[in-house]
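K.L.:
can you look at this prediction? I've put the sequence above it.
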Amino acid sequence: MKQVIVASATVLALAFLSSCESDSLSLCTSSEDITYRVNDTIFIDASCSENAEEYLWEPGDGLSMVGTGNSVSERFVALPLTGTLSRTVQLTVSNSKSMRSRTQVLSVIP
């Protein structure tokens, strides 16, 4: 009987540990710089994010997106200045359990 209890406890412990696999979503981005010139191509990469299944890039005013906005990395072109030097890019990553968003601020100089 003692062996049955030990075996049952072991099976339950293994089942519990296997159900606790890390599905924790983390959002991470890297870019070449934070300051760019008008007409520069800006490359931002989110491959350092963990457990992300979907990516949604949204350029703010003054940026034009080159790709579809749904991949792990994206390119943007800095449009001519309209009085403000800052531009923003928002990235939202998600998986079946959660979602994270981050807005990255970039500077554009003449």
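P.N.:
The structure has been received and is ready for your questions. Treat the numbers as computed from the prediction; the structure is a model and nothing was measured.
K.L.:
alpha carbons only for contacts and neighbour counts from here, please
P.N.:
Will do.
K.L.:
what about Val105, neighbour count?
P.N.:
13 (other CA atoms under 10 Å).
K.L.:
make that Ile44, sorry
P.N.:
20.
K.L.:
just to be sure, it is in a strand?
P.N.:
Yes: assessed with DSSP: H, G, I helix; E, B strand; the rest coil, Ile44 lies in a strand.
K.L.:
look up the closest residue to it, ignoring the ones flanking it.
P.N.:
Nearest in space to Ile44, with sequence neighbours left out and distances taken as CA to CA, 6 or more residues apart in numbering, is Ser31 at 4.6 Å.
K.L.:
need the contact list for Ser107.
P.N.:
Counting by CA atoms under 8 Å, 6 or more residues apart in numbering, Ser107 makes contact with 34-36, 85-87.
K.L.:
what are the bridge partners for it, then?
P.N.:
Thr35, Ser86 (DSSP bridges).
K.L.:
and for Glu50?
P.N.:
Residues in beta-bridge contact with Glu50 (DSSP bridges): Ser26.
K.L.:
now swap in Glu54 and tell me
P.N.:
Going by DSSP bridges, Glu54 forms beta bridges with Ser94.
K.L.:
ok, now the one 10 residues further on?
P.N.:
Beta-bridge pairing for Ser64 (DSSP bridges): Val77.
K.L.:
how many residues are close by it?
P.N.:
17.
K.L.:
so it touches Ala78, yeah?
P.N.:
Yes: at 6.7 Å, Ser64 counts as touching Ala78 under the criterion of CA atoms under 8 Å.
K.L.:
how about the contacts made by the residue nearest the centre of the chain?
P.N.:
With distances taken as CA atoms, centre = their mean, Leu27 lies nearest the centre of the chain, 4.0 Å away. Neighbouring residues of Leu27 by CA under 8 Å, 6+ apart: 46, 48-50, 52, 93, 100-102.
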